[in-house]
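1. here's a sequence, model it:
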Amino acid sequence: MAGVGLISDRHYWTVSGRVIVTKWALILGNILEWYESAVYGYFADEIADNFFQGSSTAAWLGYVVSFVARPFGGILLGVLADVKGRRIATMTSLVGMVVATVGQGCIPSELCCGAGWATPGAVILVILRLVQGLSTGGEISAVSVFLAESTPTKAIGMSTALVSVGGNMGFVLAATVHAIIAVLLTSEQVKQWGWRVPFLVAIVPGLTSIILRRELKETKAFITQTDAYAQASDDDAYEASGGNDQQDALLLQEKQYKDSFSQVFRPVVEMYKHSKAEALVAFLGMAGISAHWYIVVYLQTFFTDRLGFSERIASWLAIVSQGVPLLLCPLVGLLTDMFGVGRIMLFGSISMLLAVPGFELLAVYQTHLTAYIVVGVFAVIQGLAGATPYLFVLELFPVSQRGLAMGITYNASVALFGGVGALAADAWAKSLLVGPGILIAGSGLISFVTISIARRSKSVQTTHIRHHPY
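-> Next up, the predicted model:
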């Protein structure tokens, strides 16, 4: 197969290396997004004690709040990316994430400030979770689009896999911080104030990323698209004026005024008219990895509350669950460029059926060794399926609607199958330990069937960036 030649292609590795060197400011901000999500999940019990009177269900509802906001953030920042540029969208999302993440570590709570702060603290937490959701909803689409459009097509699998590298690094850092805190502090200290530390330290990488992102340049694909629309607008105004210079100027000014308003709705209209089928494929095709990502985060609570493991063991399991995918992402990025994103997504989705026997083993053999083996298998599955979904979604849409479409479909799928999936896993595991595995396997099967149909359907255009391999 011709794709195997990439292994010895020096230009491919040069391009991939250049992306890492020049775009790492994007990845640093992306690390923050996933770090915050993981930190909340890992400290869900302490957050429940501080804001929700010990209710784990209420704490996970607070987790879901940000996922509900994600699609709306995807719409707002997706339109911003498609109208004003990818660069300004990435800056806006990053600032929102830094404020929301650090802000959560500063909220007064019932345990630190008295019963009078119980309700206000919970309200502030929910508000910041909403801000976080709006920001992250735009962050992932803006960063993914930026990477895909600023990389030669032969290496876009590797470049977009960097988004997953950032995500897994965020998870690993969160798990590591959790493990360190569990060693250095008592359970009571963690409950009282230790849970705040991971949120507060995020200010350092957050501000660093803001400074570095200011140096990024707009993508050529967006500039070309904008110039084309501008030229068409000028030509229309000139034709309407009949060649009269003064009238031409007046009509052009009026046209620009109208365009400034209509441009906001252009991506929405185009997506609705031309890409409804592709949007459905993106939404359902993301189901498996969305559920897998966030139910694996829930495992921290599963191991401590359902299997009775210590916080320290649960933290080490969390590091394994994200460390293995971190190492696998570059390899899967290469495989995506060799064999195509469609094939890799299919293989990753069907492999999620292993989640059911995995949770069966955990339910029967509740030992540390069993947990490490099962988590190791889950980690490999995440490495296979989690490096490709961004490119999979981006390929479905043209430049003019790519930011918005990614923002809506990706975030809607993550919100339903990921955020709600984690909440459902927590509720189901209380009565059936294998329940979370059924959720992952079912979601993976949805993705497999959807992608299989789309690849053979003539009514769905699955590629807009690189047609082969797929």
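2. C-alpha only now, for contacts and for neighbours.
-> Fine.
3. count of neighbours near residue 432?
-> 12 (other Cα atoms under 10 Å).
4. for it, helix, strand, or coil?
-> coil (DSSP: H, G, I helix; E, B strand; the rest coil).
5. next, it: phi, psi?
-> The phi/psi pair for residue 432 (degrees, to the nearest 10) reads phi -150, psi 110.
6. next one: it, what pLDDT does it get?
-> On pLDDT, residue 432 comes in at 92.
7. with the one 3 residues further on instead?
-> In this prediction, residue 435 carries a pLDDT score of 94.
8. repeat for residue 302
-> On pLDDT, residue 302 comes in at 90.
9. could you number the chain from 21 rather than 1 from now on?
-> Yes, from this point I'll number from 21; that puts the last item at residue 322.
10. who's in contact with it?
-> By Cα atoms under 8 Å, 6 or more residues apart in numbering, residue 322 lies in contact with 446, 449.
11. and if you look at residue 148?
-> Residue 148 neighbours (Cα under 8 Å, 6+ apart): 120, 121, 123, 124.
12. gap between it and residue 323?
-> Using Cα to Cα, to the nearest Å, one gets 28 Å for the distance from residue 148 to residue 323.
13. thinking again about what came up before, which of the contacts of residue 148 fall within helices?
-> Taking DSSP state H, the ones among the contacts of residue 148 that sit in helices are 120, 121, 123, 124.
14. need the contact list for the first one.
-> So the one you mean is residue 120. By Cα under 8 Å, 6+ apart, the contact list for residue 120 reads 148, 149, 151, 152.
15. tell me how far stretch 145-160 lies from the chain's centre.
-> Relative to the centre of its chain, stretch 145-160 is centred 12 Å away, using Cα atoms, centre = their mean, to the nearest Å.
16. with stretch 192-203 instead?
-> A distance of 21 Å separates the centroid of the chain from that of stretch 192-203, by Cα atoms, centre = their mean.
17. also stretch 146-162?
-> With Cα atoms, centre = their mean, you get 10 Å for stretch 146-162.
18. for stretch 187-194, same thing?
-> Distance, stretch centre to chain centre, for stretch 187-194: 12 Å (Cα atoms, centre = their mean).
19. that older thread, nearest to residue 182, of the contacts of residue 148?
-> Nearest to residue 182 among the contacts of residue 148, counting by Cα to Cα, is residue 121 at 22.0 Å.
20. apart from its chain neighbours, what residue comes closest to that closest one?
-> residue 219 (5.7 Å; Cα to Cα, 6 or more residues apart in numbering).
21. what comes into contact with stretch 36-51?
-> Stretch 36-51 is contacted by residues 110, 114, 159-160, 163, 167, 171, 175, 178-179, 182-183, 185-190, 225-226, 229-230, 232-233 when judged by Cα under 8 Å, 6+ apart.
22. now, of the residues you listed, which are buried?
-> Neighbour counting over the contacts of stretch 36-51 (16 or more other Cα atoms under 10 Å) leaves 110, 114, 159-160, 163, 167, 171, 175, 178-179, 182-183, 185-190, 225-226, 229-230, 233 as the buried ones.
23. so which of those residues are in helices?
-> 110, 114, 159-160, 163, 167, 178-179, 182-183, 185-190, 225-226, 229-230, 233.
24. give the contact list for the closest residue to residue 181 other than its chain neighbours.
-> Spatial nearest neighbour of residue 181, excluding adjacent residues (Cα to Cα, 6+ apart): residue 407 at 4.8 Å. Residues counted as contacts of residue 407 (Cα under 8 Å, 6+ apart) are 180, 181, 182, 183, 184, 185, 349, 352, 353.
25. could you rerun that using 7 Å?
-> Taking Cα atoms under 7 Å, 6 or more residues apart in numbering as the criterion, residue 407 is in contact with 181, 184, 349, 352, 353.
26. give me the number of residues near the fourth one?
-> Meaning residue 352. Applying other Cα under 10 Å, we find 23 residues neighbouring residue 352.
27. go on, the third one?
-> Applying other Cα under 10 Å, we find 27 residues neighbouring residue 349.
28. contacts made by stretch 164-181 with the rest, please.
-> Applying Cα under 7 Å, 6+ apart, the contact partners of stretch 164-181 are 32, 36, 39, 106, 183, 239, 241, 349-350, 353-354, 356-357, 407-408, 410-411, 423, 486.
29. which among those count as buried?
-> With burial judged by 16+ other Cα under 10 Å, the buried subset of these is 32, 36, 39, 106, 183, 239, 349-350, 353-354, 356-357, 407-408, 410-411, 423, 486.
30. before we move on, back to that, now, which of the contacts of residue 148 sits nearest residue 70?
-> When the contacts of residue 148 are compared against residue 70 (criterion: Cα to Cα), the nearest one is residue 124, at 11.9 Å.
31. that closest one and residue 59, how far apart?
-> Taken as Cα to Cα, the span from residue 124 to residue 59 is 11 Å.
32. okay, now the unreliable bits of this protein?
-> In the predicted model, the chain carries pLDDT under 70 at residues 21-23, 241, 245-288.
33. can you give me the helices in the stretch 371-490 of the chain?
-> Secondary structure of the stretch 371-490 of the chain by DSSP state H, counting those that start in this stretch: the helices cover 375-384, 388-406, 409-415, 419-433, 440-449, 455-476.
34. distance from the chain centre to the longest one, please.
-> Between the centre of helix 455-476 and the centre of its chain there are 19 Å (Cα atoms, centre = their mean).
35. could you do the first one as well?
-> Taking Cα atoms, centre = their mean, one finds helix 375-384 lying 27 Å from the centre of the chain it belongs to.
36. quick check: buried residues in it?
-> Here helix 375-384 shows 375, 376, 378, 379, 380, 381, 382, 383 as buried, counting by 16+ other Cα under 10 Å.
37. kindly report the same for the shortest one.
-> Going by neighbour count (16+ other Cα under 10 Å), the buried part of helix 409-415 is 409, 410, 411, 412, 413, 414, 415.
38. now residue 209, what's its secondary structure?
-> helix.
39. that one: what's it in contact with?
-> Residue 209 neighbours (Cα under 7 Å, 6+ apart): none.
40. so residue 80 makes contact with residue 441?
-> No: judged on Cα atoms under 7 Å, residue 80 makes no contact with residue 441 at a distance of 10.5 Å.
41. ok, the nearest residue to residue 118 once chain neighbours are set aside to residue 59 distance?
-> Counting by Cα to Cα, 6+ apart, residue 118 lies nearest to residue 226, which is 5.6 Å off, once chain neighbours are set aside. From residue 226 across to residue 59, the span is 15 Å (Cα to Cα).
42. swap in residue 25?
-> 41 Å.
43. and for residue 196?
-> As judged by Cα to Cα, residue 196 and residue 59 stand 10 Å apart.
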